[in-house]
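In: coords please:
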Amino acid sequence: MLATADQPLPLSGAASPAQALGDDKMQETGKAAATRLYELSTYTLKPGTVGDMLKAASNLEQDIRRDAFGQLEGYWSTDIGPLNQVKQLWSYSDSNERAQLQAELTSNERWAAEYAPLVSPLIVRQEVRLLKGAVGPVPPALDGNVYELRNYRVKDGAVAQWIDAFLTGLPGRERHSKIVGLWHTDDGGPSEVCHIWAFPSLNARAEARANALKEPEWQDFLAKGGSLLEEMHTTIMLPAPHSPLR
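Out: Numbering: from 1, shown residues only. Next up is the predicted model:
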């Protein structure tokens, strides 16, 4: 689902695309990811204020939130692609927990009196994606990475088919770099898939992607998956000091 920050949409009770893949496929990719609700928030900031936002998030926000208002999975600033943005990934046990914890955070005295007035003047707009997991998140073996977020608009009704093709081809892709996570929007909104990768450098990214094109499994996926897409976007991101994914 895609929602504004102040309009989280209720989740449908229908089977998700990941559930439609079947138990065997989910056992391969980790059932824990599919049971949690993920929130990917993108803040577009005024030019020149990303550093101020990162400082506030790494210090004051972390001091207030800790793990009491959702689990922080990752926090990044954009480097290539849309500029002047920060992206944060939080997870919750379900939509009810998310609604409850967000209400508690909004009423938190320090949040209202200290953090919100500090960062609100920096923010141009906020976009929220509510996601279900298919893979991960799996932290990279080493810190010091650059991250790539790829989000695709999938043809209506084709999310499960795309994910199935992706997971079938993933072993070939992962011979050259490991995936951090794969998510999809839940029923009721635009059909999107999001996946995140980590690389030691941009040169390592280019090499991994070039070598993956030689893998038969990945070639098969590209032939099948590309025809199911409407749009493709990619963003290179740098982890914040407090990001669990570094």
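
In: going by C-alpha atoms from here, please, whenever you check contacts or count neighbours.
Out: OK.

In: which residues touch the closest residue to Ala240 other than its chain neighbours?
Out: The shortest distance from Ala240 to any non-neighbouring residue, by CA to CA, 6 or more residues apart in numbering, is to Trp76 (5.2 Å). Trp76 makes contact with 86-88, 237-240, 243, according to CA atoms under 8 Å, 6 or more residues apart in numbering.

In: again, 6 Å this time
Out: 86-87, 237-240 (CA atoms under 6 Å, 6 or more residues apart in numbering).

In: longest strand anywhere in this structure?
Out: Ranked by residue count and defined by DSSP state E, the top strand of the chain is strand 123-135.

In: picking up where we left off before, in helices, which of the contacts of Trp76 fall?
Out: Taking DSSP state H, every one of these sits outside helices.

In: against Glu231, how distant is the nearest residue to Ser58 once chain neighbours are set aside?
Out: Leaving out its chain neighbours, the residue that sits closest to Ser58 by CA to CA, 6+ apart is His242, at 5.4 Å. Distance, His242 to Glu231, by CA to CA, to the nearest Å: 32 Å.

In: what about the two, which has more around it?
Out: His242 (17 against 12; other CA atoms under 10 Å).

In: where does the prediction get shaky in the chain?
Out: 1-34, 187-189 (pLDDT under 70).

In: so who does the spatially most central residue of the chain touch?
Out: Centroid check for the chain by CA atoms, centre = their mean gives Leu40 as the closest residue, at 5.1 Å. Applying CA under 6 Å, 6+ apart, we find Leu40 in contact with 88-89, 128-129.

In: any quick ChimeraX command for the buried ones out of those residues?
Out: With 16 or more other CA atoms under 10 Å as the criterion, this ChimeraX line picks the buried residues out of the contacts of Leu40:
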select :88,89,128,129
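
In: and which of the contacts of Leu40 is nearest to Ala56?
Out: For those, the closest approach to Ala56 (CA to CA) belongs to Gln88, at 13.5 Å.

In: still on that earlier bit, leaving out sequence neighbours, find the closest residue to the residue nearest to the centre of the chain.
Out: Leu89 is the one closest to Leu40 (CA to CA, 6+ apart), at 4.6 Å.

In: shouldn't that neighbour be within a strand?
Out: Yes - the assignment for Leu89 is a strand, going by DSSP: H, G, I helix; E, B strand; the rest coil.
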